[in-house]
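Asker: need the 3D shape of this:
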Amino acid sequence: MDVRSKIEWLEQAAQYDACLEAGEPAPVTQMTAAASRVPDLRDSVALLSAGGRKVPVLKILQTSACEKNCYYCPFRAGRNFRRETLSPDDLAASFDQMQRAGLVQGIFLSSGIIGAVRSMDRMLQTVELIRHKYGFRGYVHLKMLPAAEEAQIERAVHLADRVSTNLEAPTPLHLSRLAPMKTFEESLVEPLKRARRLIQQTQWNSGQQIARAGMVTQFVVGPAGESDRDLLGTSQRLYREVGLHRAYYSAFRPVRDTPLEGLAATPPQREFRLYQSDFLLRAYGFRVEELPFDDSGNLPLDQDPKVLWAQRHPERFPLEVNRATPQDLLRVPGIGPQTMRNILRARLDGKLRDLGQLRKIGVDVAQAAPFVLLNGRAAPVQMALGFAW
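Answerer: Okay, the predicted model is just below:
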């Protein structure tokens, strides 16, 4: 099979890793001659959110062969699944053609596992070629495979802008129900801790910034019977202990001919509520203990978690917008980190007196109005029509 066909297949296999924000490929308005020699952008590129902008990224596996038997995985060992492998030379050269043609601005590289050390070495060799032979200085996201060696982790954080390890489940018990050949702390959490130590030591000793886009992880949501509290509790721990940049939550979808094929798919709304709540932890100052879980430890699917929290804390509202602290403003539904900063700037020019002023600076006034005072007065709202004036 030719290199182009392998790239197209391994890109499709990589869709199961959600550790980037994917979307529709960016339109290509100009194609150089090199573009005819590489895979079609529409088949091989995801969009990555980086620094507030979307950039096209080749998201691909080094190989779809794997010795692990993760119960949910389409390319688990023993399953009748097409296996392809790209050599470091072929993958690096193809990526170089794509990025020189203007089709991609980065790469997300993961891999199946045929010997963790050997598989990790092949990925590192690919990125070494991309960086040093082809001189690419753009975005590289590199997966750290379970049980990667210390020297491999060190090389990964020096080569890549972002590194990640998929935890898959929030606890050892839940992981055993998904991936019995993996160990939670030793093979999954420990690489993140080692990467964190190496990043900090390098920055302290030399001032060099490595893995500047941080570390991320991914969970498979649903099939192990974990609760939302379990997932978000582990994420909060990793934010605090290893400086995790963010966690990704992938709603489970059953795959034919796997042990979990008979389970129901996880509702996409559950994934959405997890992302909303995770953002409250990372950017709004919330703690897991404050989130509005039900008796089973899950978030209601039909209600926004921040709005529900506000409704359950009437003692905190209504809040005077002109005197509130930044931390208190962030607790108001309809006000986010940027609009909070906009409010603080607007207050320097005088008191905010009506919802129109809030609307102009980006506040979702339909959500915020019931929870705020403006110069001592409650904002008039027409809730039935869903807007305020």
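Asker: from residue 378, how far out is residue 320?
Answerer: 10 Å (C-beta to C-beta, to the nearest Å). For every residue, glycine as well, the C-beta is placed using N, CA and C.
Asker: which neighbours do the two share?
Answerer: residue 372 (C-beta atoms under 8 Å, 6 or more residues apart in numbering).
Asker: what's the closest non-adjacent residue to residue 363?
Answerer: Ranked by C-beta to C-beta, 6 or more residues apart in numbering and with sequence neighbours excluded, the top spatial neighbour of residue 363 is residue 339, at 5.1 Å.
Asker: got a list of what the one you found touches?
Answerer: Applying C-beta under 8 Å, 6+ apart, the residues contacting residue 339 are 361, 362, 363.
Asker: the same query, at a cut-off of 10 Å, please.
Answerer: Shown in contact with residue 339 (C-beta atoms under 10 Å, 6 or more residues apart in numbering): 329, 330, 332, 346, 358, 361, 362, 363, 364, 368.
Asker: show me how to select, in ChimeraX, the buried members of those residues.
Answerer: A single ChimeraX command selects the buried members of the contacts of residue 339 (16 or more other C-beta atoms under 10 Å):
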select :329,330,332,346,358,361,362,363,368
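Asker: which of the contacts of residue 339 lies closest to residue 274?
Answerer: Within the contacts of residue 339, distances to residue 274 taken as C-beta to C-beta reach their minimum at residue 330, with 19.4 Å.
Asker: that closest one touches residue 282, doesn't it?
Answerer: No. Using C-beta atoms under 10 Å, residue 330 is not in contact with residue 282; the gap is 11.8 Å.
Asker: so what sits against both of the two?
Answerer: Shared contacts of residue 330 and residue 282, defined by C-beta under 10 Å, 6+ apart, are found at residue 337.
Asker: give me the neighbour count for residue 133.
Answerer: 12 (other C-beta atoms under 10 Å).
Asker: what sits closest to it if chain neighbours are left out?
Answerer: residue 92 (6.8 Å).
Asker: now do the spatially most central residue of the chain, the pLDDT please.
Answerer: In the chain, the centroid-proximal residue (C-alpha atoms, centre = their mean) is residue 248; its distance is 3.9 Å. Predicted confidence (pLDDT) for residue 248: 94.
Asker: which residues of the protein score low on pLDDT?
Answerer: For the chain, the stretches with pLDDT under 70 are 1, 9, 13, 15-53, 381-389.
Asker: quick one: the helices in it?
Answerer: 3-13, 41-44, 88-100, 116-128, 150-159, 172-178, 190-206, 228-241, 268-283, 305-311, 326-329, 337-347, 355-360, 365-368 (DSSP state H).
Asker: could you dump those into a markdown table and include distance to residue 292?
Answerer: Listed next are these as a markdown table, based on distance: least, C-beta to C-beta, whole Å:
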| stretch | distance to residue 292 |
| --- | --- |
| helix 3-13 | 38 |
| helix 41-44 | 41 |
| helix 88-100 | 45 |
| helix 116-128 | 40 |
| helix 150-159 | 37 |
| helix 172-178 | 22 |
| helix 190-206 | 29 |
| helix 228-241 | 10 |
| helix 268-283 | 9 |
| helix 305-311 | 4 |
| helix 326-329 | 18 |
| helix 337-347 | 21 |
| helix 355-360 | 25 |
| helix 365-368 | 16 |
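Asker: wait, which of those helices is closest to residue 220?
Answerer: With C-beta to C-beta as the measure, helix 172-178 is the member of these nearest residue 220 (6.3 Å).
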